[in-house]
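Colleague: structure of the sequence below:
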Amino acid sequence: MGTFQTLISLAMLIYILSVIVQAIQEVIKWALGTKATVMQDTVKKFMKDSLTLPQVQGAIERRGLNITALESLNKDDFRHLLDGIDFKDTPMEGIVKTSGATINHVKDNIAASYEAFRSTFQQAYTKKNKFFALLISLAVVVILNANLLILY
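Modeller: Next comes the predicted model:
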């Protein structure tokens with residue numbers, strides 16, 4: 001019975017430590033605004049010259065949302081968001097005129113690549129979260145001096 005109780009205690013300890021690490025990670029992500037930062041970086045990298053960060057932020061803020069709302073939008077919602085962006089001041093307007101395409105064609109192409117954008121964001125955000133979780137886990141283990149040999 002002693003071995004079973006030790007295993008149950010060890011499992012409970014690991015669970016409690018993981019909950020502590022998760023709570024600390026959520027507070028750090030909230031305080032640093034990592035989701036918004038990663039979303040902004042992804043918009044800059046992924047959209048390049050076809051859609052700028054200020055254009056996206058302006059369209060989202062007009063709807064009363066912040067940049068992190070992009071994570072929950074689907075392709076059609078994003079396409080409607082693009083309708084609120086004025087492309088007249090972008091260098092793309094000249095390219096559109098010379099190629100015979102319309103601004104709506106360009107918006108459709110941008111919206112079509114939106115799922116790839118969301119995937120890129122999720123990968124970058126997950127990578128950053130794993131880094132924070134690793135650092136926090138190491139700190140909790142060091143602080144509690146909770147290695148397996150001492151607990152056993």
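Colleague: quick one: K29 and A133 touch, right?
Modeller: No. Assessed by Cβ atoms under 8 Å, K29 is found out of contact with A133, at 10.3 Å. Glycine gets a C-beta too; all of them are placed from N, C-alpha and C.
Colleague: can you list residues touching both of the two?
Modeller: By Cβ atoms under 8 Å, 6 or more residues apart in numbering, K29 and A133 have no common neighbours.
Colleague: you'd agree V21 is up against L134?
Modeller: No. Look at V21 against L134 with Cβ under 8 Å: they stay out of range, at 9.4 Å.
Colleague: tell me which of these two has more neighbours.
Modeller: The neighbour count for V21 versus L134, taken as other Cβ atoms under 10 Å, is higher for V21 (20 against 11).
Colleague: quick one: that one from Q122, how far?
Modeller: For V21, the distance to Q122 equals 21 Å [Cβ to Cβ, to the nearest Å].
Colleague: so what's T90 scoring on pLDDT?
Modeller: Confidence at T90, expressed as pLDDT, is 56.
Colleague: also I95?
Modeller: 48.
Colleague: same thing with L32?
Modeller: Looking at L32, the pLDDT reads 83.
Colleague: okay, now it: neighbour count?
Modeller: Using other Cβ under 10 Å, the number of residues around L32 comes to 12.
Colleague: now do the phi/psi pair for it.
Modeller: Note on L32: its backbone torsions stand at phi -90, psi -10 [degrees, to the nearest 10].
Colleague: residue contacts, it?
Modeller: Counting by Cβ under 8 Å, 6+ apart, L32 has no contacts.
Colleague: what sits up against stretch 71-82?
Modeller: With contacts defined as Cβ under 8 Å, 6+ apart, stretch 71-82 is touched by 35, 39, 51, 56, 59-60, 63, 70, 107-108, 110-112, 114-115, 118, 121-122.
Colleague: can you list the buried residues in that stretch?
Modeller: Within stretch 71-82, the residues that qualify as buried are L73, F78, R79, L81, L82, counting by 16 or more other Cβ atoms under 10 Å.
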